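Novice: Build the 3D model from these lines:
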Amino acid sequence: MCRIRQAALHLLQVAHQSYLDIRLKSDVGSEKMIEAVMHPFVGSERLSAQGQVLSDALEQQAARFLAPDTRKSDKPLRRFLIREAATALRLNYNSFRHYLKTVPDLPAGTIESGNRRTFSLEEVHEIQSKLYTAGKIPVDLFPRRGPDDQLSVISVFQLKGGVAKSTLAVNLAAFLAWRGYRVLAIDVDPQSSLSDVFDVKPDLDGSASLYDVMRTVDPIPITDAIQSTYYPNLDILPGSLSMTEFEYETAASFRKVKGQGGAPWHKRFTQALDLVDSSYDVVIVDTPPHLSFSVLSAVHASTGLLMPFSPGMLDIVSLQKFLFLASDTLAAIEAHEPDKRYDFMRYVMTRYNPNDAAQLQIWTFMKAHFGSSLMDTPFLQSTAIADAGNTTETLIEVRPSEFNRKTYDRIFESLQSIVHDLEDDIMRAWGRIDNEEAA
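Specialist: I've put the predicted structure just below:
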C-alpha cells in the first residue's frame, strides 16, 4: 500500500479515535454526550463539537504525515529526473541529454542513489532560460511574456459544484509553474481549497487574503496579500471565509471603493491586478460555484475562461442553463464596458471514464456541437488525483513511483494535453502562433 493510501486510512482511524476521546473527556460528561446523539440537540453546539473532532483529527494526521516538519511548506518541492525535466521543457529526451553535454554553463544537477541525475525545479527553469537564449527552444514554447504581451488571466468558471473545478485549477497552476510560467493563483472560493493545497491558510494564520484586497472600506494593495509558496514560480493570493463578507458589503452598498481610485465593484479585480501586471505571465483564478459579485469581478478581469463540466446528461442540461445565466449577467456588465473582449472561452470535460459507454456518447455529443471550443482531451477520473488530494498535493508533487505506472501515466498525459491546449491559447493571444478559425 502506498504512503498516500496509508495516510488516508490513518486519517479515518484518527478521526474515529478523536470522536471517542471527546465523548469520554467532554466537560458535559459521556452520558450527556451520548444522550445528545439520541435526542434533539442545539444545532450550533453539535456542529461546533463535530467540527472540533475533525479539526483534532486533521491536526494529528498532518503531524504524522509531515513529521519531522510541522507544515507542508517546510519541505521543498521534490527533485525531477532527466526525463521529467525534458517533459517540463517540452523537449525530446535524447535532444535534452545532448544539450546537457554540449551547451555550456547548464546546471549539472545532482547524482542520487542508483546513479540517477536529478534537478530542482529552479535548475530546470535555469536550463530553460539558457536553452532559449542559445536558440534551442522556439519562442512559441518559451513560457515568458514579451514586453508587449498581455497578462493572461484565466478563470476556471462554473455554476455547478462537483465538477472538479478546484482540482483542475490547482493542477493547472502547478503544471504551468512547472513548465516555467510565472504563475499567480487566486482563490476566490471562501472554502479556500486551492489555498489549502499550497499551505497558505489566512483563516488560521491571520494573514491577509483576497477579501482584504477587494473589501469596500480601506482595501490593501494586492502586493500585501500575495504570498510565495514552496513551489518555484508560483505565488498565491489566498481565499478566506471573509469573502462572504464582501458579498454582503457589495449588496448593501454600491459605493465606489475607497482608496482605489473610485473603481466600481466589477473592476476591483482588474485594478488590483494592475499593480502586479509585470510580475506574472499567467493568473489562474479558482471561483466558487455561484455567480457572486466576486466571481463576476474575476470573470470581468479575465482574458480567458475555462469551463469544466462532468459527463452526465443532467450536467449538460445544467451547463446549458449556466451559459444562458452567465450570458445575461455578463451582458449587464458589458452594457457599461462595451469594449470588453476575451481571448478564448474553452470547455473541458472532467471526471471522464473512457470505459463508460454512456460517457463516451456524451463526449461525442459535446464534441460534435462545441467543436474546438471543447478541449481535445478530457480530464480523466483517476485514483492518482484522488490519492494526491488525500495528502493535499498536486499531481506534479507526487512521485510516479508511488502509483501504478499506467495509472499515473494516463492522468499525467490527460493533464499535460489540457495544459498544452491552454498554452496554445495563450500563445495565440501573445501572437506567437497563428489564430485558428473559431468554432
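
Novice: hey, let's count contacts and neighbours off CA atoms from now on
Specialist: Noted.

Novice: Just the helices from the stretch 151-300 of the chain, written as ranges.
Specialist: 165-179, 193-197, 202-205, 210-214, 243-252, 268-274, 293-301 (DSSP state H, counting those that start in this stretch).

Novice: Any chance of TSV for those helices, columns distance to E393?
Specialist: TSV is the format used below for the helices of the stretch 151-300 of the chain (distance: least, C-alpha to C-alpha, whole Å):
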stretch	distance to E393
helix 165-179	9
helix 193-197	6
helix 202-205	19
helix 210-214	22
helix 243-252	24
helix 268-274	27
helix 293-301	25
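
Novice: wait, which of these is closest to E112?
Specialist: helix 165-179 (21.3 Å; C-alpha to C-alpha).

Novice: which other helices and strands contact that closest one?
Specialist: Packed against helix 165-179, as judged by 3 or more C-alpha pairs under 8 Å, 6 or more residues apart in numbering; DSSP states H and E, are the following elements: strand 183-187, helix 193-197, strand 234-237, strand 282-286, helix 405-429.

Novice: Now the fourth one: average pLDDT?
Specialist: What it means is strand 282-286. Computed over strand 282-286, the mean pLDDT rounds to 98.

Novice: So which residues make contact with that strand?
Specialist: 151-157, 165-166, 169-170, 172-173, 181-189, 194, 298 (C-alpha atoms under 8 Å, 6 or more residues apart in numbering).

Novice: Could you find the closest non-adjacent residue to V156?
Specialist: Leaving aside its sequence neighbours, V156 sits nearest to L306 (C-alpha to C-alpha, 6 or more residues apart in numbering; 4.8 Å).

Novice: Pretty sure the one you found sits against M345.
Specialist: Yes. Between L306 and M345 there is a contact at 6.0 Å, judged by C-alpha atoms under 8 Å.

Novice: Which one of those two is surrounded by more residues?
Specialist: It is L306, of L306 and M345, that has more neighbours when counted by other C-alpha atoms under 10 Å, with 23 against 15.

Novice: ok, S207 - contacts?
Specialist: Listed by C-alpha under 8 Å, 6+ apart, the contact set of S207 reads K201, A225.

Novice: All further residue positions should be reported with the first residue as 27.
Specialist: Fine by me, first position is 27 from now on; the one you just mentioned is S233.

Novice: Return the set of buried residues in whichever helix or strand A75 is part of.
Specialist: A75 belongs to helix 69-92 when elements are defined using DSSP states H and E. Using 16 or more other C-alpha atoms under 10 Å as the test for burial, helix 69-92 gives A75, V79, L80, D82, A83, L84, Q86, Q87, A88, F91.

Novice: How about stretch 391-411?
Specialist: In stretch 391-411, the ones that count as buried by 16+ other C-alpha under 10 Å are 392, 399-408, 410-411.

Novice: Mean neighbour count for the helices and strands packed on helix 191-205 - can I get that in JSON lines?
Specialist: Shown next, in JSON lines, are these (neighbours: other C-alpha atoms under 10 Å):
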{"stretch": "strand 209-213", "mean neighbour count": "27"}
{"stretch": "helix 219-223", "mean neighbour count": "23"}
{"stretch": "strand 260-263", "mean neighbour count": "24"}
{"stretch": "strand 308-312", "mean neighbour count": "27"}
{"stretch": "helix 431-455", "mean neighbour count": "18"}
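
Novice: okay but L421 is in contact with V196, surely?
Specialist: No. With contact defined as C-alpha under 8 Å, L421 does not reach V196; the gap is 9.5 Å.

Novice: pLDDT weak spots in this protein?
Specialist: 27-65, 88-89, 91-96, 279-289, 462-465 (pLDDT under 70).

Novice: Quick check, central residue of it?
Specialist: For the chain, the residue nearest the mean C-alpha position is V196 (1.9 Å; C-alpha atoms, centre = their mean).

Novice: how about that one, what does it touch?
Specialist: V196 neighbours (C-alpha under 8 Å, 6+ apart): L220, V223, D312, T420.

Novice: between these, which is nearest L132?
Specialist: Looking across the contacts of V196 and measuring by C-alpha to C-alpha, the closest to L132 is T420, at 27.7 Å.

Novice: Pull the number of nearby residues for the closest one.
Specialist: The number of residues packed near T420 is 23, by other C-alpha under 10 Å.

Novice: again, but for K101
Specialist: Residues near K101, counting by other C-alpha under 10 Å, number 12.

Novice: I'd guessed P315 sits against L185; true?
Specialist: Yes. Using C-alpha under 8 Å, P315 makes contact with L185 at a distance of 4.3 Å.
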